[in-house]
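J.: below are the sequence and a predicted model; questions follow.
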Protein chains: 2
Amino acid sequence: MNNSILYQEISEQPAVIRRLVNNERKNIEDIADSIRSKFSYIYIAARGSSDNAARYAQYLFGIHNHLTVGLATPSIFSLYQEPPLLKDALVIGISQSGQSPDILSVIKVASEQGCPTIALTNDSSSPLANAATFVINLQAHQERAVAATKTYTASLTALAMLSVLLNEHAAALDNIAELPGWIENTIEETKGVIPRVERFRYMEHCAVLGRGYNYATSFEISLKIKEINRIIAEPYSTADFRHGPISTIHPGFPVFIIANEGPTFKDTANLVSGLVDLGAEIILVSNANIPNLYPVMFFHIPTEVPEWLSPIPSVIPGQLFAMQLALERGLDPDFPAGLGKVTQTY
Amino acid sequence: MNNSILYQEISEQPAVIRRLVNNERKNIEDIADSIRSKFSYIYIAARGSSDNAARYAQYLFGIHNHLTVGLATPSIFSLYQEPPLLKDALVIGISQSGQSPDILSVIKVASEQGCPTIALTNDSSSPLANAATFVINLQAHQERAVAATKTYTASLTALAMLSVLLNEHAAALDNIAELPGWIENTIEETKGVIPRVERFRYMEHCAVLGRGYNYATSFEISLKIKEINRIIAEPYSTADFRHGPISTIHPGFPVFIIANEGPTFKDTANLVSGLVDLGAEIILVSNANIPNLYPVMFFHIPTEVPEWLSPIPSVIPGQLFAMQLALERGLDPDFPAGLGKVTQTY
């Protein structure tokens, strides 16, 4: 489609997920066996795209494992140097580079306090990997484009595997094993629609909405659009959107919505109808066939994808949308001006 | 200054906080004595402005009480009906109306599981108050403007009192008792600057940045601007802003920043310098005297306000900015089109 590094890395995702499922299954099973029932809640430290993976974890471990998941506020550890007592917590640090000083400080403190800790990283010899009790390698190989794509879907998949193996619910691994095919299918379907991104050449802002499992997807698609295009793209849960931000919608306002079948579907579809009435331009990602929602663009993901795994293929149209929009606008999708791959946050 | 309900309610804040400190101190002390050491972490359910109060709680209880604070994902309880096990958690529901069905569902489940629960509400006879073990009344009297102001600062103050009394650190209550005076002073100082909001009559978007304790303030000021003005105002931690969104900054881009003295000050001041270099228009709220940061507008809060209480006066310039901007734009600051006071979220 084009010769950007970003497109190449987006296209590698089926292979990355296949490698992750094959190579890390035994390791994640061993980790699950070691930590099972040794904690009463999960605490995750992450930034950027990895923080969006942590949002997915809140629903995943909440609904499947009945565990609460808290997201760390790393500055409490780094700037304020007043770490909380992490008694009873399983502490997970997510960082593709494994270099981020503030994520590292959370894992170090957790280890000192005797908590089980897991590093989810694409670099098994990174400082984060060295500081954690257990390491899950994302198996994504080097990621060169500034905008994370394959390390994001790999993080989600690794979390899904951990959730399933903690429950000793091996049958659900069969669903995970289908992900590479679903991702391939989504990339192919999206390629047919993506030239129409031209319509959004002059878009100056948009909202990105999702709820439940796909709350994370709305944050990640929003981040891709912002990082690569310097466009204001604000993420919301559909529920919060009704609490105020909906008042910013005027005719022609572009709204990206992830609406997959599941408990959140009806509410999301209702919101879409309301937004259509307000004149919004709807860009829809869904595993349902819903022409009566009148999207201006419709990205279909395979119908058989279950909601709990749907954030993995659902982010792909957003990755490709952000890439294509940059190309239409004459921007470099690989190395957006002013951003570096590893951000040193203290 | 004007006869809007919003202005009246903003102006009531010193009286509300004084009433809260006087009337609820004994109650909060009793609650603290009853629950102390009966939980190992805090879990808060809230939406909208109350969710921003919960963000403040993450830093407050984290730094002062060494407790982790998780923010609930209410749809796990309501839509998915798969509540997590809340073992070892103190569960707090924050809702000024006490009517929100999804916040109520979290408190009900927590009570059934035997967790201590606290309702922070402005209505002691609301369903939320009835479902909780303990009730803290925000003492804000009826709030009629759609945009929450006095119930927000009351929620922050009630949380600060609970944090202090859990620690049996009564001396810090003297700081809290000074809040009404600091708020009065901030309102007076802000009134002198606020006519210059006229400059932003044609603003179409802005970013709002804060970190640490004032991460919450950035979310709340952003929400006020969005609710009342239908303008896109995106909140960020200064740390996350560097991870991508900074690439959206171009000359003339308005950036609202909360920068109070404390561990986050140096980092925030550095970011301000970088943004000035990029040509951003800086609107600054600070307890420091920092003319060398070249703000286009500068809102000063009293120098003696400690960082941990600074979110309470620091939000006031944002409330007044949002109100004044609506007046300049010919909008109704009290009842923005399309929004209701109580949002029924399931």
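T.: Nice, thanks for sending it over.

J.: for chain B, what is the nearest residue in the stretch 1-150 of chain A?
T.: residue A:70 (3.4 Å; CB to the nearest CB). No exception for glycine: its C-beta is placed from N, CA and C like everyone else's.

J.: who are the packing partners of the helix or strand that contains residue A:54?
T.: Assessed by DSSP states H and E, residue A:54 sits inside helix A:49-65. Secondary-structure packing of helix A:49-65 (3 or more CB pairs under 8 Å, 6 or more residues apart in numbering or on different chains; DSSP states H and E): strand A:41-46, strand A:69-71, strand A:89-94, helix A:150-166, helix A:215-229.

J.: tell me where the stretch 151-300 of chain A has strands.
T.: Assigned by DSSP state E, counting those that start in this stretch, the stretch 151-300 of chain A shows strands spanning A:205-210, A:232-237, A:254-258, A:281-286, A:297-300.

J.: save those as CSV, and put in mean pLDDT, distance to chain B and mean neighbour count too.
T.: Listed next are the strands of the stretch 151-300 of chain A as CSV, based on pLDDT from 0 to 100; distance: least, CB to the nearest CB, whole Å; neighbours: other CB atoms under 10 Å in any protein chain shown:
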stretch, mean pLDDT, distance to chain B, mean neighbour count
strand A:205-210, 95, 5, 25
strand A:232-237, 90, 5, 24
strand A:254-258, 97, 12, 26
strand A:281-286, 96, 15, 24
strand A:297-300, 95, 21, 20
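
J.: possible to save those as TSV with distance to residue A:62?
T.: As requested, these are exported to TSV (distance: least, CB to CB, whole Å):
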stretch	distance to residue A:62
strand A:205-210	16
strand A:232-237	14
strand A:254-258	18
strand A:281-286	22
strand A:297-300	27
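
J.: OK, contacts around the residue nearest to residue A:241 when sequence neighbours are not counted?
T.: Leaving aside its chain neighbours, residue A:241 sits nearest to residue A:209 (5.7 Å; criterion: CB to CB, 6 or more residues apart in numbering or on different chains). Each residue near residue A:209 by CB atoms under 8 Å, 6 or more residues apart in numbering or on different chains is listed here: A:218, A:235, A:236, A:237, A:238, A:241, A:255, A:256, A:257, A:258, A:268, A:271.

J.: enumerate the residues of the stretch 51-200 of chain A near chain B.
T.: A:51, A:58-59, A:61-76, A:79-89, A:102 (CB under 8 Å from any CB of the partner chain).

J.: domain assignment for chain A?
T.: Chain A is divided into the following domains under automatic domain parsing: A:5-177, A:181-328.

J.: what's the offset of the longest one from the middle of its chain?
T.: Its chain's C-alpha centre and that of domain A:5-177 lie 12 Å apart, by CA atoms, centre = their mean, to the nearest Å.

J.: again, but for stretch A:218-226
T.: Worked out by CA atoms, centre = their mean, stretch A:218-226 lies 9 Å from the chain centre.

J.: that one near chain B anywhere?
T.: Yes: for stretch A:218-226 and chain B, the contact criterion (CB under 8 Å from any CB) is met by A:223, A:226.

J.: now the helices and strands packed on helix A:49-65 in a markdown table, with mean neighbour count and distance to residue B:199?
T.: Below are the helices and strands packed on helix A:49-65 laid out as a markdown table (neighbours: other CB atoms under 10 Å in any protein chain shown; distance: least, CB to CB, whole Å):
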| stretch | mean neighbour count | distance to residue B:199 |
| --- | --- | --- |
| strand A:41-46 | 26 | 38 |
| strand A:69-71 | 24 | 37 |
| strand A:89-94 | 29 | 42 |
| helix A:150-166 | 26 | 40 |
| helix A:215-229 | 29 | 26 |
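
J.: now those in a markdown table, with mean pLDDT?
T.: Converted to a markdown table, these look like this (pLDDT from 0 to 100):
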| stretch | mean pLDDT |
| --- | --- |
| strand A:41-46 | 96 |
| strand A:69-71 | 96 |
| strand A:89-94 | 98 |
| helix A:150-166 | 98 |
| helix A:215-229 | 95 |
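
J.: other residues contacting stretch A:158-172?
T.: Contact with stretch A:158-172 is made by A:20-21, A:24-25, A:28-29, A:31-32, A:35-36, A:53, A:56-57, A:60-61, A:64-65, A:118, A:120, A:136, A:138, A:173, A:176, A:308-309, A:312, as judged by CB under 8 Å, 6+ apart.

J.: can you select the buried ones among those residues for me in ChimeraX?
T.: Buried members of those, defined by 16 or more other CB atoms under 10 Å in any protein chain shown, are picked up in ChimeraX with:
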select /A:20,21,24,25,28,29,31,32,35,53,56,57,60,61,64,65,118,120,136,138,173,176,308,309,312
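
J.: in helices, which of the contacts of stretch A:158-172 appear?
T.: A:20-21, A:24-25, A:28-29, A:31-32, A:35, A:53, A:56-57, A:60-61, A:64-65, A:173, A:176, A:312 (DSSP state H).

J.: can you give me the pLDDT of residue A:180?
T.: On pLDDT, residue A:180 comes in at 98.

J.: wait, what's in contact with it?
T.: Residue A:180 neighbours (CB under 8 Å, 6+ apart): A:14, A:15, A:17, A:18, A:21.

J.: and the last one, what does it touch?
T.: It stands for residue A:21. Residues near residue A:21 by CB under 8 Å, 6+ apart: A:157, A:161, A:173, A:176, A:177, A:179, A:180.

J.: any chance of these in CSV, plus distance to residue B:127?
T.: Putting those into CSV (distance: CB to CB, whole Å) gives the following:
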residue, distance to residue B:127
A:157, 40
A:161, 40
A:173, 42
A:176, 40
A:177, 45
A:179, 42
A:180, 47
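
J.: residue A:292: which of those is nearest?
T.: residue A:179 (29.2 Å; CB to CB).

J.: ok, and the closest non-adjacent residue to the closest one?
T.: Of all residues not flanking residue A:179 in the chain, residue A:17 sits nearest, at 5.0 Å (CB to CB, 6+ apart).

J.: my guess is that neighbour meets residue A:183, correct?
T.: Yes: in this structure residue A:17 lies within contact range of residue A:183 using CB atoms under 8 Å: 6.4 Å.

J.: lowest-pLDDT helix or strand in chain A?
T.: Using mean pLDDT, DSSP states H and E, the weakest-scoring helix or strand in chain A turns out to be helix A:238-241, at a mean of 85.
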